[in-house]
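Chemist: Next one to model:
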Amino acid sequence: MPVRSVGKGALKRQYDYIIVGAGSAGCVLAERLSADEACSVLLIEAGPRDNHWHLSMPAALTYPLRGTRFNWAYETEPQPELHNRTLFWPRGRVLGGSSSINGMVWIRGHPWDYDNWYNQGLDGWAWCQMLPYFKRLERWSQGADDYRGGDGPVGVVRSSYRNPIFDAYVAAGGEAGFPVSEDFNGRQFEGFGRFDMNIWKGRRQNASFTHLKSALHRSNLTVLTGCLVSRVLFEGTRASGVQYLDGSARHKILCDGEVILSGGALNSPQLLMLSGVGPAGDLRRHGIDTVLDLPGVGQNLQDHLNTSLKYECLKPVTLYGTDRFPRNALIGLQYALFRTGAGATMHTEVGCFVKAGDNAPLPDIQHHFVPILVYDNGRTPPDRHGFQVHVCPLRPKSRGHLTLRSADPRDAPLLQPNCLSEPGDAALMCASIKLTREAMAQPAMAEFCGRELAPGPDVQSDAQLMEYLRSSSVTCYHPVGTCRMGNDDRAVVDAELRVHGADGLRVVDASVIPELVSGNTNAPIMGMADRASDLALGKETLAPEDVVIADYDPIASAQLRETRAS
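Modeler: Down below sits the predicted model:
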C-alpha cells in the first residue's frame with residue numbers, strides 16, 4: 001500500500017481512533033489519545049509534512065499564506081454586498097493545518113463567549129470549564145498564575161519586539177479614552193495592548209510542533225500525509241472506518257472505536273456530505289445516498305470580516321524594504337544564527353478589543369496593527385513606509401453556508417459566507433473606522449502618523465464609508481460554525497461533539513463552534529480539542545476554575561450551572 005507514513009507507528013487495517021485532519025484540533029487529539037497506550041490511533045492529513053523553514057520562521061508567513069504548497073487556497077463565491085467580489089480564503093493543508101500558516105496571535109476570546117454557549121444548553125463549555133484546559137495548553141513566558149498556564153506544550157510569549165510605533169499605538173488608545181490591558185488572556189480583556197503570540201525562542205508553535213512531534217515515537221500512533229480522505233464508511237448509522245485517496249489509489253481503513261473529523265470549518269462538513277450525512281436534497285443532487293438527513297451540515301458559516309485603514313509613516317520604522325537585499329539577508333542571517341530579530345516575530349504585536357457600538361455591553365471590535373502596507377494579501381509589495389490598522393466586528397450577525405461542488409472529494413466546496421448580509425455588521429464596521437481615526441489622531445501617534453491613504457480623508461459620510469467597505473473588506477481567516485454544536489434540529493453535534501444520529505462519529509474543530517469567539521480562533525480550537533480528548537477517552541473532565549474578570553462576572557455562569565444541575 002503506497003502511503004507516506006510519519007513516525008514509528010506501522011499502518012494497520014483497524015484502529016481504535018481515526019482522526020481526519022492534522023490541524024490545530026487533530027494534532028492535539030492525536031497526542032492526547034495516543035498517550036493512552038491501550039489505544040491505537042491513526043491520523044490522516046491531506047497535505048505534506050511541516051518541515052519547511054517558511055512554516056517555522058514567524059516572519060515568513062506571507063510565503064505559505066499566498067502559495068498553494070501548504071494551503072488549500074479556497075475562494076468564496078461572489079459576494080453580493082461586496083460588489084460581487086470573490087474572497088481569498090487560505091486554509092492550512094499541511095501538518096499543523098492552519099496553525100502552520102496563521103498569524104500566531106494567541107487569544108482565547110472573551111469569557112462571555114463560552115458562557116453564552118453554556119447558556120444555550122451546552123454543558124461543559126462555560127468559561128470556568130474551559131479555563132483549566134487553556135491553562136493546561138500553555139507554557140506562558142511570564143509563568144503560571146490563576147489565569148495562565150506555565151508548563152503546557154504550547155510556548156506563548158507576550159509580544160516584545162522593540163518598535164516605537166507599537167508603544168505609540170497603545171498609548172494613543174489610552175489618550176483616546178480607552179482602557180489599556182496588560183493581558184488580554186488574563187484579568188482584563190478590554191482595551192489596547194500587546195498581544196500574546198504562540199512563538200517560543202523564535203519558532204512558530206504550530207500544533208504539529210507542540211503536540212505531534214512529541215508523540216511520533218509512539219508505536220500506537222500512525223500518521224499518514226498526502227492522503228485525502230474521500231468518505232467516512234458506515235455500517236447502518238455507525239461509522240466503521242474511512243476511505244482515502246493516495247494519488248489515484250483508493251484504500252479503506254476500519255475503526256472499532258471512533259472516527260473523529262478535524263478537517264476544519266470547510267473540510268469537515270464537506271466530508272460529512274460526501275459520506276451521506278447532510279441535507280438529503282443536496283446529497284441527492286450529487287448522486288450521494290443519504291445515511292443521515294442532517295440539514296444543518298454546511299449551514300451557519302461565520303467569519304470575521306475586516307477592512308483596514310492605511311497611513312503613511314513619517315519615520316522609517318516600518319517593514320518597508322525588509323524584503324529586499326541586503327536587509328532581507330541580514331534578517332535571515334540573524335534568525336538562522338540566533339532565532340532573534342525581525343524574522344522571529346509576525347509583527348502583529350499590538351491591537352485592541354474595545355466597544356464601538358452604541359451601549360455595547362462588551363468589546364465588539366478588534367484591531368490588528370501592522371507596521372507595513374499590505375495589498376492583495378501580501379502579493380503586491382508596498383511602495384513606501386506606512387502602517388495599517390485592521391478593524392473587524394467580533395460577533396457578526398451575517399450567516400452563510402457551504403455546499404458540495406460535486407461528488408468528487410478533490411473539488412473544493414462552494415463557499416457562500418454572505419458577507420455584510422446583515423446591515424448591523426456594516427454599521428459597526430463604519431463605527432469602527434471612526435473610532436480608529438480618533439485613536440490615530442492622538443498626540444502619541446503624531447510623530448509617526450502621516451497622510452491617511454485609505455479610505456482617505458475625503459471619505460467621511462456613512463455612504464462613502466459603506467462604499468469603501470464593499471470594495472475593501474476581506475477575511476480575517478476565522479471561518480467557523482458549519483457543524484454547529486447544539487440540541488435543536490439544525491445542530492450537527494451534541495455538547496460532547498458527537499454527530500446527532502450517528503454512533504462512533506465526532507467532529508472536533510472550528511466547525512462545531514456555534515457562535516464566533518471574540519478574537520482569533522487558534523487558541524479556542526486547541527483548547528476545545530484538549531477537552532474533547534477527555535470526552536473521547538471517557539475521562540473525567542478538569543474541574544472548573546472561577547477567576548475575576550474586569551467588567552464581567554463569570555461567577556454567574558457557575559451559579560447557573562449549579563442551578564441547572566439541581
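Chemist: Quick check, Gly202 in contact with Ala60.
Modeler: No - with contact defined as C-beta atoms under 8 Å, Gly202 does not reach Ala60; the gap is 11.7 Å. Quick note: C-beta positions are derived from backbone N, CA and C, even for glycine.
Chemist: Common neighbours of the two, please.
Modeler: Residues touching both Gly202 and Ala60 (C-beta atoms under 8 Å, 6 or more residues apart in numbering): Gly343.
Chemist: Could you give the average pLDDT over the lengthiest strand in the chain?
Modeler: Using DSSP state E, we find that the single longest strand of the chain is strand 249-261. Averaging pLDDT along strand 249-261 gives 97.
Chemist: What is the next helix or strand after it packed up against?
Modeler: Downstream of strand 249-261, the next assigned helix or strand under DSSP states H and E is helix 264-274. Judged by 3 or more C-beta pairs under 8 Å, 6 or more residues apart in numbering; DSSP states H and E, the packing partners of helix 264-274 are strand 228-235, strand 249-261, strand 401-403.
Chemist: from the chain's centre, how far out does the longest strand of the chain sit?
Modeler: Strand 249-261 has its C-alpha centroid displaced from the chain centroid by 26 Å (C-alpha atoms, centre = their mean, to the nearest Å).
Chemist: Show me what that strand is packed up against.
Modeler: Short answer (3+ C-beta pairs under 8 Å, 6+ apart): strand 249-261 packs on strand 14-20, strand 228-235, strand 238-246, helix 264-274, strand 505-507.
Chemist: CA atoms of stretch 289-302 as CSV?
Modeler: Extracted C-alpha coordinates of stretch 289-302, given in CSV (Å, rounded to 0.1, in the frame of the first residue of the first chain):
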residue,chain,number,x,y,z
ASP,A,289,-27.0,8.1,-0.9
THR,A,290,-28.3,9.6,2.4
VAL,A,291,-27.1,7.9,5.6
LEU,A,292,-28.3,10.7,7.9
ASP,A,293,-30.5,13.6,6.9
LEU,A,294,-28.9,16.5,8.9
PRO,A,295,-30.0,19.8,7.3
GLY,A,296,-27.6,21.8,9.5
VAL,A,297,-24.4,20.4,7.9
GLY,A,298,-22.7,23.2,6.0
GLN,A,299,-25.0,25.9,7.4
ASN,A,300,-24.2,28.6,10.0
LEU,A,301,-21.0,29.6,8.3
GLN,A,302,-19.5,32.6,10.1
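Chemist: where in the chain is pLDDT low?
Modeler: 1-3, 555-566 (pLDDT under 70).
Chemist: what about 50?
Modeler: Where the chain drops to pLDDT under 50, the residues are 1-2, 561, 563-566.
Chemist: picking up where we left off before, please identify which of the helices and strands packed on strand 249-261 is closest to Val105.
Modeler: helix 264-274 (17.9 Å; C-beta to C-beta).
Chemist: partners of the next helix or strand after the closest one in the sheet?
Modeler: Going down the chain from helix 264-274, the next helix or strand is strand 277-278, by DSSP H and E. In the sheet, strand 277-278 lines up against strand 292-293 (parallel) (DSSP bridges).
Chemist: ok, and the closest non-adjacent residue to Val6?
Modeler: Among residues not flanking Val6 along the chain, Val223 sits closest, at 4.2 Å (C-beta to C-beta, 6 or more residues apart in numbering).
Chemist: Return the most buried member of the helices and strands packed on helix 264-274.
Modeler: Across the helices and strands packed on helix 264-274, the average number of neighbours (mean count of other C-beta atoms under 10 Å) peaks for strand 401-403, which reaches a mean of 22.
Chemist: helices or strands up against that one?
Modeler: helix 264-274, strand 414-416.
Chemist: 6 Å instead, please
Modeler: Secondary-structure packing of strand 401-403 (3 or more C-beta pairs under 6 Å, 6 or more residues apart in numbering; DSSP states H and E): strand 414-416.
Chemist: quick one: contacts of the helix or strand just after the strand it packs on?
Modeler: Remark: after strand 414-416, the chain's next helix or strand is helix 423-440, criterion DSSP H and E. Here helix 423-440 makes contact (C-beta atoms under 6 Å, 6 or more residues apart in numbering) with 172-173, 176, 309, 356-357, 365, 389, 391, 393, 396-398, 420, 449, 462, 465-466, 469.
Chemist: and those residues, which are buried?
Modeler: 172-173, 176, 309, 356-357, 365, 389, 391, 393, 396, 398, 420, 449, 465-466, 469 (16 or more other C-beta atoms under 10 Å).
Chemist: now, which of those residues lie within strands?
Modeler: Checking these against DSSP E, those in strands are Leu309, Ile365, Val389, Val391, Pro393, Cys449.
Chemist: didn't Leu415 look like it was pressed against Leu404?
Modeler: No - when contacts are counted by C-beta atoms under 6 Å, Leu415 is not listed as touching Leu404 (11.3 Å).
Chemist: and the end-to-end length of stretch 77-89?
Modeler: 11 Å (C-alpha to C-alpha, to the nearest Å).
Chemist: Tell me who's in contact with Arg194.
Modeler: Arg158, Ser159, Val350.
Chemist: same deal with Ser308?
Modeler: Contacts of Ser308 (C-beta under 6 Å, 6+ apart): Gln388, His390.
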